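In: have a look; sequence and predicted model below, questions after that.
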Amino acid sequence: MTADDETMLLIKRTFDAKAEEVFDAWLTRERWQAWIGPEGMDCTVTVLEPHVGGTYRIDMRAPDGSLIPVAGKFEVIDRPRTLRFTWGWDGDPSKQSLVTLGFTEVNGATELTLRQEGLGTVENRRQHEHGWNGTLANLHRYLERTS
């Protein structure tokens, strides 16, 4: 196993919703803001330009009041199959990664595959894994309410 393998994050989840519904939850400000962020974080989507080359910004406020500004750029938007965007702390080029989401519809449900590359360390991968697992649990609850 190489260092890249150890630091690359891969998560799969199945949602009881059509691929278009799961995909669109990432590209509409009101929808994204309704579920984005791990448990305990108060998140505000301050910028969302859902087109290739467009940017986004999410202000994540932790329970202790600290602010984590996350921002990136959309690289691929292939509805409802693939979404790829950069992810990192706004203004800190050393904390940038690449997230690729794959959406596969199977018998009316959607399998989401999240792959995050460029995390640099195993500890950073573990932190993002914890955050994404909480975030995807929020997405699951959101889709249950709205689908």
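Out: Sure, I can see it. Numbering: from 1, shown residues only.

In: show me what contacts the closest residue to residue 111 other than its chain neighbours?
Out: In this structure, residue 111 finds its nearest non-sequential neighbour in residue 104, 4.6 Å apart by Cβ to Cβ, 6 or more residues apart in numbering. Glycine gets a C-beta too; all of them are placed from N, C-alpha and C. Residue 104 is in contact with 19, 81, 110-111, 113, counting by Cβ atoms under 8 Å, 6 or more residues apart in numbering.

In: which other residues reach the longest helix seen in the chain?
Out: Counting residues, the longest helix found in the chain (DSSP state H) is helix 122-146. Residues outside helix 122-146 that contact it (Cβ under 8 Å, 6+ apart): 6-9, 11, 13, 15-17, 21-22, 25, 31, 34-40, 97, 112, 114, 116, 119.

In: confirm that the residue nearest to residue 111 sits in a strand.
Out: Yes. Under DSSP: H, G, I helix; E, B strand; the rest coil, residue 104 sits within a strand.

In: measure it to residue 134 for me?
Out: 23 Å (Cβ to Cβ, to the nearest Å).

In: same question for residue 45.
Out: 17 Å.

In: who's more crowded, those two?
Out: Using other Cβ atoms under 10 Å as the criterion, residue 45 and residue 134 rank with residue 45 on top: 19 against 15.
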